[in-house]
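*Asks:* how does the following fold in three dimensions:
(one chain, ligands or ions: 1)
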Amino acid sequence: MSSSSRRQPPLWPSHIQYINAPRYHPSVPGPVRSFLISGTNPAPQKTPISFPPTYLVRIRYITEPSHPARGQNGLFAVRKILPRSHIIDYIGEVHCQDRAGSDYDLSLFRSEDGDNVGIDASVMGNEARFVNDYRGIRSKPNAVFVESRTSVQKGDEILVSYGKNWWRSRTAQTNALPDFA
Ligand SMILES: C[S@@+](CC[C@H](N)C(=O)[O-])C[C@H]1O[C@@H](n2cnc3c(N)ncnc32)[C@H](O)[C@@H]1O
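*Replies:* Here you go, the predicted model:
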């Protein structure tokens, strides 16, 4: 199945576009885009990079009363995931804008020219956009945005740390959770 024909997964929200490869916002300068697409090669790559589907996780609606993201979705393991496994790529819209209001925006890097490059999955993305932060759920994350840190058991929710700054900028949630600085 080609990357463009892959179907969206169960429970995918109808108002969010499901994508299999990053999209580039016009705010991303050409050299930054070339770097991201083809490493150090400045020549734009004609064929977009496609990312393989994941068979390790699925989206699940959270109903547990004690879960701080109850009424939202989370990403859960469908089989045991060994330490250091690649779980899923975080795909979304690559941009160089201030998107402080987005809860789905990851900072990628700062370019030599000072562009802050982010990847925002608020309006388009893949299953990775449903990864929750571990706070209030487990004592520590079981994954990082680079590689799996510990083994993950079948049925476990995939949990990362969004970082203290992310939570500090959202004071309402921070007040509700105990273990922030
Ligand atoms: C990237 S989204 C994660 C997916 C989200 N649960 C959903 O269904 O779209 C980030 C949002 O999830 C919620 N969230 C994630 N981790 C949380 C946690 N530990 N406690 C409370 N809310 C959390 C917050 O509403 C946050 O703004």
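
*Asks:* look up phi and psi at L36.
*Replies:* Main-chain torsions, L36, degrees, to the nearest 10: phi -70, psi -40.

*Asks:* right, and it touches V117 too?
*Replies:* Yes: with contact defined as C-beta atoms under 8 Å, L36 reaches V117; the gap is 7.5 Å. C-beta coordinates here come from the backbone N, C-alpha and C atoms, glycine included.

*Asks:* now for the two: what residues contact both?
*Replies:* V28, V94, L108 (C-beta atoms under 8 Å, 6 or more residues apart in numbering).

*Asks:* turn those into JSON lines, columns for distance to T63 and secondary structure.
*Replies:* Formatted as JSON lines, these follow (distance: C-beta to C-beta, whole Å; DSSP: H, G, I helix; E, B strand; the rest coil):
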{"residue": "V28", "distance to T63": "39", "secondary structure": "coil"}
{"residue": "V94", "distance to T63": "34", "secondary structure": "strand"}
{"residue": "L108", "distance to T63": "33", "secondary structure": "strand"}
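
*Asks:* out of the residues you listed, which is most surrounded?
*Replies:* Among these, V28 has the most neighbours (other C-beta atoms under 10 Å), with 23 neighbours.

*Asks:* ok, that one to L108 distance?
*Replies:* 10 Å (C-beta to C-beta, to the nearest Å).

*Asks:* kindly report the same for G114.
*Replies:* Here the criterion is C-beta to C-beta. By it, G114 lies 14 Å from L108.

*Asks:* rewinding a little: can you list residues touching both of V28 and L108?
*Replies:* In contact with both V28 and L108: L36, V94, V117, using C-beta under 8 Å, 6+ apart.

*Asks:* how much space between P26 and the ligand?
*Replies:* 24 Å (C-beta to the nearest ligand atom, to the nearest Å).

*Asks:* same check on Y162?
*Replies:* Going from Y162 to the ligand by C-beta to the nearest ligand atom gives 7 Å.

*Asks:* quick one: secondary structure of that residue?
*Replies:* Look at Y162: counting by DSSP: H, G, I helix; E, B strand; the rest coil, its state is coil.
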